[in-house]
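Chemist: okay, here's the prediction I keep looking at, along with the sequence it came from:
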Amino acid sequence: MTEPLQPGMTYRDFEILEEVGVGSFARVYKVLAPGFDRPLALKLAENPRMSDEMITRAIREVAVLKSFNNPHVARLHGSSIGADHFYVLMDYVEGQQLDHHHDFDEPMALGEALGIIMQACMGLAEAHAQGVVHRDVKPANIWIQSDGTVKLLDFGLARAWGVPWAYGTNATAARTVVGTPHYCQPEQLVTDQLTPASDVYSLATILYEMLCGYAVLFPHRHVTDVVEALRDNPIAWLDAHAMRNMVPISRYPGCGGLPDGLLLLLRRSLAKDPNKRPQSSGEMASILGTILCEDLDAMPAACVRVVAPGSRPVDVALAPGRRMLGSGTGCDVMLPGAGLEVAVVLDWSGGDRPMQIRPAAPGAELQRNGEQVRRAVLVEPGDVFAIGESHFVVVYPEEAF
């Protein structure tokens, strides 16, 4: 690692305002960049001895970030990589990382905890839909902005899952703990082929700790106590994830009355076998959204107004999460004449935050305001969507009821 840059210095065309973070192979600076009227974040690794592994990780992060279009990740605006340097230029995220925002030895209010994890799920949902696993979901990578919006950071350990040609092959040596040991997954004892269900396990670990203030696998021991005891022993963390059972959260003060659906979600998401967990963060988000709307009445529903040929408009309530629209009986919203059992996917973290909509499959001819939608886009108030013989509009909560 080279010497850190100081405020007032320049790196290429970027004016350094301050250093805001140091990672395993990069420093992060708040900078002014040509063409932007706001500060951005420059993640900079400048080391003539960058290993092949570091370069592979860097290229992978760029590929992942460039493809994203949702409000819960930091947008990528540029990048450069060479024999002796690598940088990415992305949104500068104001706020606090989750472990600074919240004391993990104390319980967080139920609705707030579920809302934060819901938004983190939505940050991952787009990645999971593209076959990309984050692999280092932890409180330090979940940032809380002043308006309550959650941003998920640092896809530097992400890898393609099932799409090896898209983002490169695994760059981590076998039998090495990938990510942060506290939030790693039990399957790492037997494989480094992690799946979206691995990120679900990490999210569930964080949610459990936020709800009760105790470590998942160590009865009646506060989070910081266990972190300190195992600080220099990553293998002990991995053994605990693989061998110890989850302590039922209902044992702890204030957790005896948690909704049954939430207790079931925690048990499923923390299962040792990844095949028994929700298989993506979108699935996890849908369960959380239903709990927030229906069990806790802590978040208003939106509305999808459907118009089918020869029928009167039908309004369908839409809870946050990943929601499926189509002609199949298992869809959250029925679209008669859509032509596909699941035709459209809507991702939404609730409130006045924008929804993301995309065709569910390449053959789904989704249109917005008369133009074809080929990839995920954000839903603007007043947008009119059409697929097959159905038309629909999405009405945000403040407009809906």
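Modeler: It's in. This structure is a prediction, so every number in the text was calculated from the model and none was measured. Numbering: from 1, shown residues only.
Chemist: from here on, contacts and neighbour counts on C-alpha atoms
Modeler: Noted.
Chemist: which elements pack onto the helix or strand Leu44 falls within?
Modeler: Using DSSP states H and E, the element containing Leu44 is strand 40-45. Secondary-structure packing of strand 40-45 (3 or more Cα pairs under 8 Å, 6 or more residues apart in numbering; DSSP states H and E): strand 27-32, strand 86-91.
Chemist: helices or strands up against the first one?
Modeler: When contacts are defined as 3+ Cα pairs under 8 Å, 6+ apart, strand 27-32 packs onto strand 14-22, strand 40-45.
Chemist: in CSV: those, plus mean pLDDT and distance to Asp91.
Modeler: What follows is the helices and strands packed on strand 27-32, written out as CSV (pLDDT from 0 to 100; distance: least, Cα to Cα, whole Å):
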stretch, mean pLDDT, distance to Asp91
strand 14-22, 92, 13
strand 40-45, 90, 5
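Chemist: need the winner for burial among those strands.
Modeler: Among the helices and strands packed on strand 27-32, strand 40-45 has the highest mean neighbour count (mean count of other Cα atoms under 10 Å), at a mean of 24.
Chemist: mind listing residues that contact it?
Modeler: 1, 25-33, 85-93 (Cα atoms under 8 Å, 6 or more residues apart in numbering).
Chemist: so which of the helices and strands packed on strand 27-32 is nearest Asp105?
Modeler: When the helices and strands packed on strand 27-32 are compared by Cα to Cα, strand 14-22 sits nearest Asp105, at 24.4 Å.
Chemist: partner strands of that closest one, with direction?
Modeler: The pairing partners recorded for strand 14-22 under DSSP bridges are strand 10-11 (antiparallel), strand 27-32 (antiparallel).
Chemist: that strand: how far from the chain's middle?
Modeler: 25 Å (Cα atoms, centre = their mean, to the nearest Å).
Chemist: just stretch 72-82 next, same as before
Modeler: 17 Å.
Chemist: equivalent analysis for stretch 250-257, please.
Modeler: 27 Å.
Chemist: how about stretch 369-377?
Modeler: Taking Cα atoms, centre = their mean, one finds stretch 369-377 lying 23 Å from the centre of the chain it belongs to.
Chemist: that one: which residues count as buried?
Modeler: By neighbour count with 16 or more other Cα atoms under 10 Å, stretch 369-377 contains the buried residues Val373, Arg374, Ala376, Val377.
Chemist: swap in stretch 97-116?
Modeler: Neighbour-count burial for stretch 97-116 [16+ other Cα under 10 Å]: 97-99, 104-105, 107-108, 110-111, 113-116.
Chemist: which stretches of this protein aren't confidently modelled?
Modeler: Scanning the chain for pLDDT under 70 picks out 1-2, 24, 46-50, 54, 58, 61, 156-178, 399-401.
Chemist: in it, spot the helix with the most residues.
Modeler: Determined from DSSP state H, the single longest helix within the chain is helix 110-129.
Chemist: quick revisit: pick the most buried one from the strands paired with strand 14-22.
Modeler: Burial of the strands paired with strand 14-22 is given as mean neighbour count (mean count of other Cα under 10 Å); strand 27-32 ranks first at a mean of 23.
Chemist: can you tell me what sits against it?
Modeler: For strand 27-32, using Cα under 8 Å, 6+ apart, the contacting residues are 4, 14-22, 38-45, 92.
Chemist: could you do stretch 84-98 as well?
Modeler: For stretch 84-98, the surrounding residues in contact (Cα under 8 Å, 6+ apart) are 30, 39-50, 58, 62, 74-81, 139-146, 151.
Chemist: shouldn't Trp143 be in contact with Gly123?
Modeler: No: counting by Cα atoms under 8 Å, Trp143 does not reach Gly123; the two are 11.2 Å apart.
Chemist: list residues touching both of these two?
Modeler: Jointly contacting Trp143 and Gly123 under the rule Cα under 8 Å, 6+ apart are Lys151, Leu152.
Chemist: mind checking how far stretch 6-22 is from the chain centre?
Modeler: The answer for stretch 6-22 is 28 Å, by Cα atoms, centre = their mean.
Chemist: ok, and what's touching that stretch?
Modeler: Residues outside stretch 6-22 that contact it (Cα under 8 Å, 6+ apart): Pro4, Leu5, Arg27, Val28, Tyr29, Lys30, Val31, Leu32, Ala33, Pro34.
Chemist: helix/strand/coil for the last one?
Modeler: So that's Pro34. Secondary structure state of Pro34, per DSSP: H, G, I helix; E, B strand; the rest coil, is coil.
Chemist: look at the most far-flung residue of the chain relative to its centre and give its secondary structure.
Modeler: In the chain, the residue that sits farthest from the middle, by Cα atoms, centre = their mean, is Gly310; the gap is 40.4 Å. With three-state DSSP as the basis, the three-state label of Gly310 is coil.
Chemist: how near is it to Glu389?
Modeler: Separation of Gly310 from Glu389 (Cα to Cα, to the nearest Å) stands at 10 Å.
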